[in-house]
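S.K.: output the structure for:
(one chain, ligands or ions: 2)
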Amino acid sequence: VVAFFQPKRLAGQHVVVTAGPTFEAIDPVRGITNLSSGKMGFAIARAAREAGAEVTLIAGPVALATPRGVQRVDVKSALDMHLASTEHAQSATVFISTAAVADWRPATAANHKLKKDGSGATPKLEFVENPDILADVAQTERAVRGDLYCVGFAAESHDLLAHATAKRLRKKVPLLVGNIGPATFGQDDNALLLIDAAGSTELPRNSKLHLARQLVAEIAKRLHATS
Ligand code: CTP
Ligand code: CA
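M.R.: Numbers count the residues shown, from 1 in each chain. Ligands and ions are numbered 1, 2, ... in the order given. Sure thing, here's the model as predicted:
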């Protein structure tokens, strides 16, 4: 199905999507990251654009082409992503947080490449917690007022419904989307569990693009119900 035939359910909306992993520097040439491919977030950005929205895609380091008509902002670390997200969320009406944000970063990043000292000693890394981007955006005045609709994702290894329901309440977002296992990182398809105040709905296994279009339709439905 080409974009031309997608109903313009999000016309007039500005959608900000975060996607991919973050990269937390240890030194100028090393860091810590994760296996998120960014595919689900990029598919959602594409689907939102097809649905007529203005779309800003805040992407961690991924090897994916920018969907047509989408404004892309490349970031590396969780702190970069946090800054870009809070900035772009100021003018957004929907914020969709698909990024696999690193929960911790090395407490200090060395200015120079760490060298072996010949003794066999290994570096001792200390970590600090990264800010919770989604929770912070969801606590902004515009989000609390209902002018910015926030959507979170959760990849849980077990007890998806219980963990994702708790996460929705903890992050104070109206909609939380769970990836239904097995691990979806890098895969082209997925299955989703949508959790909102009314309960849960399953979107059965399909391509990430198909699911992204269904999710966009579900978000549009909820937007129009609250405005
Ligand atoms: N998230 C975020 N910033 C973080 C961590 C998570 O914005 N520092 C967002 C993710 O993009 C996702 C949601 O919060 O939309 C849930 O992420 P997840 O990793 O499942 O939850 P955490 O709160 O980090 O809890 P945990 O990893 O311990 O389960
Ligand atoms: Ca996490």
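
S.K.: C-alpha from now on. contacts and neighbour counts both.
M.R.: Will do.

S.K.: what distance do you get for Lys8 to Gly41?
M.R.: Spatial separation of Lys8 from Gly41 under the definition CA to CA, to the nearest Å is 19 Å.

S.K.: these two: who's more crowded?
M.R.: Each of Lys8 and Gly41 had its neighbours counted (other CA atoms under 10 Å), and the higher figure belongs to Gly41 (24 against 17).

S.K.: hang on, isn't that one packed against Val16?
M.R.: No: counting by CA atoms under 8 Å, Gly41 stays clear of Val16, with 10.3 Å between them.

S.K.: so who does the spatially most central residue of the chain touch?
M.R.: For the chain, the residue lying nearest the average C-alpha position, counting by CA atoms, centre = their mean, turns out to be Thr98 (1.8 Å). The contact partners of Thr98, taken as CA atoms under 8 Å, 6 or more residues apart in numbering, are 17-20, 38, 40-41, 152-153.

S.K.: and those as CSV, adding distance to Ser200, secondary structure and pLDDT?
M.R.: Compiled in CSV, those are given as follows (distance: CA to CA, whole Å; DSSP: H, G, I helix; E, B strand; the rest coil; pLDDT from 0 to 100):
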residue, distance to Ser200, secondary structure, pLDDT
Val17, 22, strand, 99
Thr18, 23, strand, 99
Ala19, 23, strand, 98
Gly20, 25, coil, 98
Gly38, 24, coil, 97
Met40, 20, helix, 96
Gly41, 21, helix, 98
Gly152, 14, strand, 98
Phe153, 14, strand, 97
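
S.K.: from those residues, which are also near ligand 1?
M.R.: On the criterion CA under 6 Å from any ligand atom, 152-153 are the entries of the contacts of Thr98 that sit beside ligand 1.

S.K.: any regions of this structure where pLDDT drops low?
M.R.: 1-4, 182-184, 226-227 (pLDDT under 70).

S.K.: ligand 1 contacts on that one?
M.R.: Taking CA under 6 Å from any ligand atom as the criterion, the chain approaches ligand 1 at residues 97-101, 103, 130-134, 152-155.

S.K.: one step back: can you add distance to Gly181 and give the contacts of Thr98 back as JSON lines?
M.R.: Formatted as JSON lines, the contacts of Thr98 follow (distance: CA to CA, whole Å):
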{"residue": "Val17", "distance to Gly181": "22"}
{"residue": "Thr18", "distance to Gly181": "21"}
{"residue": "Ala19", "distance to Gly181": "19"}
{"residue": "Gly20", "distance to Gly181": "18"}
{"residue": "Gly38", "distance to Gly181": "17"}
{"residue": "Met40", "distance to Gly181": "14"}
{"residue": "Gly41", "distance to Gly181": "17"}
{"residue": "Gly152", "distance to Gly181": "17"}
{"residue": "Phe153", "distance to Gly181": "13"}
